[in-house]
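A.B. asks: Fold the following and give me the result.
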Amino acid sequence: MADISAAEIPRLQQSLRRLLGSPQLTVEPPARKGLTVEIAVAGEVIGTVCRDEDEGEVSYAVNLTVLEEDLPPA
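C.D. replies: Numbering: from 1, shown residues only. Just a heads-up that it's a prediction; the model follows:
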């Protein structure tokens with residue numbers, strides 16, 4: 001896994017906002033090098049994103065976390 005550069009974050013944020021239909025989504029750079037880039041909606045962290053580069057091809061893996069306590073009642 002490679003670090004996500006500061007130049008990639010706005011592009012990634014724009015793409016994720018469009019794909020997920022959430023203009024409140026933000027991609028937060030890590031507090032220090034080596035930490036995970038976080039995805040938040042309205043200030044609440046909902047997951048992480050990692051960058052992968054293989055044979056010159058770059059991709060981003062998004063991991064969304066949904067806590068059971070945030071689900072509606074069964």
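A.B. asks: Identify the bridge partners of the nearest residue to residue 13 once chain neighbours are set aside.
C.D. replies: Excluding the flanking residues, the one nearest residue 13 by CB to CB, 6 or more residues apart in numbering is residue 27, at 4.1 Å. C-beta: built from backbone N, CA, C; applies to glycine. Residue 27 forms beta bridges with residue 39, as assigned by DSSP bridges.
A.B. asks: Give me the neighbour count for residue 27.
C.D. replies: Using other CB atoms under 10 Å, residue 27 has 22 other residues around it.
A.B. asks: Residue 25 reaches residue 17, doesn't it?
C.D. replies: Yes: the criterion here is CB atoms under 8 Å, and residue 25 meets it with residue 17 at 5.0 Å.
A.B. asks: Can you give me every residue that contacts the residue nearest to residue 13?
C.D. replies: Neighbouring residues of residue 27 by CB atoms under 8 Å, 6 or more residues apart in numbering: 9-10, 12-13, 16, 37-39, 49.
A.B. asks: residue ranges for the strands of the protein, please.
C.D. replies: Here the chain has its strands, by DSSP state E, at 25-28, 37-41, 44-54, 57-64.
A.B. asks: Against which helices or strands is the second one packed?
C.D. replies: Judged by 3 or more CB pairs under 8 Å, 6 or more residues apart in numbering; DSSP states H and E, the packing partners of strand 37-41 are strand 25-28, strand 44-54.
A.B. asks: Can I get the strands of the chain in TSV including distance to residue 70?
C.D. replies: Listed next are these as TSV, based on distance: least, CB to CB, whole Å:
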stretch	distance to residue 70
strand 25-28	16
strand 37-41	12
strand 44-54	9
strand 57-64	12
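A.B. asks: Rebuild those as JSON lines, extending it with mean pLDDT.
C.D. replies: Below are the strands of the chain laid out as JSON lines (pLDDT from 0 to 100):
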{"stretch": "strand 25-28", "mean pLDDT": "96"}
{"stretch": "strand 37-41", "mean pLDDT": "95"}
{"stretch": "strand 44-54", "mean pLDDT": "94"}
{"stretch": "strand 57-64", "mean pLDDT": "95"}
